[in-house]
Structures are given as structure tokens and as C-alpha cells.
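K.L.:
Give the three-dimensional model of this entry:
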Amino acid sequence: MPKKPITNLEYSEKELDSFFYLADETFGIDFREWYKAGEWTDRYRCYSLTFYRNVISSVGMSRMTVMMDGTAREAYQIGTVMTDEIRQGQGLATRIFKHLFKQHDTDGLPYFLACNESVEPFYEKQGFSAQSEPEFFVRVSGSASPLEHVDVDAEQWRRFKLESLPFSPRLYTTDDMHIWMFHYYQGMDEDVYRFDDVHVIYIIERSRLILYAVLSPRPVDMRDVVARLSFEGITEIVFKFTPDLDGVEQRPSSDGPWMIRMNEGKFFPEGCRFPYLSQA
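P.N.:
As a prediction, the model looks like this:
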């Protein structure tokens with residue numbers, strides 16, 4: 001039987017390696033480069049159960065500031081909830097959540113996490129409630145010229161976060177550089193393009209362009225961005241954030257719901273989408 005949960009601050013080298021292995025096996029996520037670069041800060045805390053110096057179940061938690069319609073609110077975003085496959089169904093994650101809540105409920109902060117619908121009942125048992133979010137999109141038809149692809153190193157990626165105005169003004173986050181840098185080490189740096197002094201992060205799936213960020217130190221008219229991204233063959237631009245754009249359409253998101261644990265009410269403003277690049 002594993003002992004009480006420990007945090008990553010107490011990991012031995014073997015436990016750290018086993019954490020990396022479990023994350024890779026569970027989610028296909030490689031934390032190693034992110035960790036070696038010093039991006040695992042005290043903003044990200046993992047609570048883990050170990051057995052013979054091996055992490056067998058873990059729950060990650062990031063403290064951040066969420067800006068919602070101009071109001072700042074501190075919150076904990078939960079992520080990297082995982083249990084070794086051969087030990088699932090033994091209540092290990094539930095034990096960790098009980099320990100985590102005992103440690104942090106006195107802070108009076110809400111908890112939130114993204115999940116698949118298949119595990120929604122598990123989080124409901126932990127005291128979370130579902131809150132759905134929309135998917136924003138615009139239909140387009142154009143023949144805009146291809147944009148310049150930009151090679152970005154870690155320092156440039158960091159400056160994007162530090163120097164750019166919020167591209168999702170109704171709902172965005174601060175104090176989450178560790179998550180922003182995590183996405184860099186997961187390969188999002190390969191999807192950066194530029195026009196004028198504006199950098200955009202997007203991928204193309206068939207006739208859909210999926211837009212993750214619009215980065216600039218000056219205000220940018222989202223109508224101009226849409227026009228610049230209306231390439232030949234693109235019929236729809238999907239926003240992975242809440243765009244400041246009149247006439248944008250919305251539909252139910254195909255992603256799973258957000259799960260919220262707080263005393264009352266909803267956490268995110270109605271009709272907003274949490275930025276993907278702030279998601280743990």
C-alpha cells in the first residue's frame with residue numbers, strides 16, 4: 001500500500017523519472033525538456049502516490065490568475081491526473097484529491113480542469129460540476145497570400161507572452177508562464193507565422209484553420225487577422241480562445257466540458273472560451 005501523497009518537491013531522482021514515464025505512457029506527454037529548461041516552477045505542484053520509489057498515481061495543480069471581463073481571480077487549474085494502468089480502480093486518485101483539498105481548500109480558491117466526458121462522473125464524485133464552453137468560428141472564402149513561417153526559440157516564445165497584449169480580452173490568464181512554455185516544448189513553436197508585426201499560431205486541418213493565438217504589442221483588429229488567414233481552400237476559421245470579433249458564430253464545443261469546484265455559481269463568464277495555450 002502506498003504511503004500518503006508526496007509533492008514533486010520531495011521526489012527522488014527515481015520518482016521523478018517514473019513520473020516522466022507515467023506521463024508519457026498515459027498521455028504521450030514528454031515533460032523532460034520542459035523540466036530541464038527550468039520551466040517546472042513553484043506555480044506547478046504535483047501530488048503523487050508512490051510505491052517502491054515509483055509514482056503510481058498523480059494529480060498536478062497550477063496556481064494562476066484568471067482575468068474575466070476585467071476582474072482578476074486566483075484559481076487552481078488541475079492537470080495531468082493519471083494512474084498507472086494496472087492500479088486503476090483502486091481509488092488512488094481519489095486519495096490524492098482528498099489530500100489536495102485538505103491542503104488547499106482553506107485558500108478559498110476555485111479549482112478547474114478540462115476533461116473528457118468519459119471521466120466526468122469521476123470528477124463529480126470529487127465535488128466538481130460541469131461547465132460547457134462554446135466553439136467560436138467564422139465562415140470564410142478568400143485567396144489570401146501565404147504567411148511567412150517563423151522559426152522561434154524558447155526566449156522568443158517567452159517574449160510573446162510577456163510583450164503581447166491579451167488576444168482573448170474577455171478571458172485570459174496571467175502567472176502561468178510555466179504552461180505557456182510547456183506548449184512550446186510540446187511543439188507549438190512549429191506553428192508560428194507572421195504578417196507585419198503580428199505573429200499568429202495556427203494549424204490547418206483540411207479546409208479548417210484552427211487559430212490558437214494572435215500576438216502583438218499593439219491592438220490588432222481581428223477582422224484583419226481573419227482576412228489575412230482566409231487562404232484559398234479554407235472555408236472556416238476556428239478560434240481556440242474568445243475572439244473580440246463582431247459576427248463570430250458559435251456552436252457547442254466538441255471538446256469535453258470544464259469541471260469546476262467552487263462554492264456556488266459558474267466560474268467562467270457565459271459565452272467565453274478558455275484559451276488553449278493556457279490549458280494545462
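
K.L.:
Enumerate every residue touching the nearest residue to residue 59 once chain neighbours are set aside.
P.N.:
Spatial nearest neighbour of residue 59, chain neighbours left out: residue 96 (4.6 Å); criterion: C-beta to C-beta, 6 or more residues apart in numbering. For every residue, glycine as well, the C-beta is placed using N, CA and C. The contact partners of residue 96, taken as C-beta atoms under 8 Å, 6 or more residues apart in numbering, are 5, 47, 48, 49, 57, 58, 59.

K.L.:
change it to 6 Å
P.N.:
5, 47, 59 (C-beta atoms under 6 Å, 6 or more residues apart in numbering).

K.L.:
do you know how far the closest residue to residue 116 other than its chain neighbours is from residue 265?
P.N.:
Computed as C-beta to C-beta, 6+ apart, the closest residue to residue 116 that is not its neighbour in sequence is residue 256, at 4.4 Å. Per C-beta to C-beta, to the nearest Å, residue 256 is found 21 Å from residue 265.

K.L.:
ok so, going back, then the residue nearest to residue 59 would be within a strand, right?
P.N.:
No - assigned with DSSP: H, G, I helix; E, B strand; the rest coil, residue 96 falls outside any strand and is helix.

K.L.:
pLDDT score for it?
P.N.:
For residue 96, the model assigns a pLDDT of 98.

K.L.:
same question, the one 3 residues further on
P.N.:
Among the per-residue scores, residue 99 holds a pLDDT of 97.

K.L.:
Quickly note the distance from it to residue 264.
P.N.:
24 Å.

K.L.:
pLDDT averaged over whatever helix or strand residue 155 lives in, what's the number?
P.N.:
For residue 155, the element it lies in under DSSP states H and E is helix 154-163. What helix 154-163 shows for mean pLDDT is 98.

K.L.:
List the buried residues in it.
P.N.:
157, 158, 160, 161 (16 or more other C-beta atoms under 10 Å).

K.L.:
counting contacts, what elements does the lowest-mean-pLDDT helix or strand in the chain pack onto?
P.N.:
Least confident element among the helices and strands of the chain, by mean pLDDT, DSSP states H and E: strand 6-7 (a mean of 92). Counting contacts by 3 or more C-beta pairs under 6 Å, 6 or more residues apart in numbering; DSSP states H and E, strand 6-7 packs against strand 44-51.

K.L.:
which residues are in contact with the strand it packs on?
P.N.:
By C-beta under 6 Å, 6+ apart, strand 44-51 touches 2, 5-8, 15, 55-62, 92, 96, 100, 178.

K.L.:
Can you tell me which of those end up in helices?
P.N.:
Residues of those located in helices (DSSP state H): 15, 92, 96, 100, 178.

K.L.:
Show me which pair in those residues is furthest apart.
P.N.:
92 and 178 (25.1 Å; C-beta to C-beta).

K.L.:
burial measure for the residue nearest to residue 148 when sequence neighbours are not counted, as a count.
P.N.:
Leaving aside its sequence neighbours, residue 148 sits nearest to residue 194 (C-beta to C-beta, 6+ apart; 5.0 Å). When neighbours are defined as other C-beta atoms under 10 Å, residue 194 has 14 of them.

K.L.:
And residue 194, how far from residue 160?
P.N.:
11 Å.

K.L.:
Next, residue 103: secondary structure please.
P.N.:
Residue 103 is classified as helix under three-state DSSP.

K.L.:
For it, list the residues it contacts.
P.N.:
Taking C-beta under 6 Å, 6+ apart as the definition, residue 103 has no contacts.

K.L.:
Parallel or antiparallel, which strands does the helix or strand that residue 260 is a member of pair with?
P.N.:
Using DSSP H and E, residue 260 maps to strand 258-261. Strand 258-261 has these partner strands in its sheet, going by DSSP bridges: strand 111-114 (antiparallel), strand 129-131 (antiparallel).
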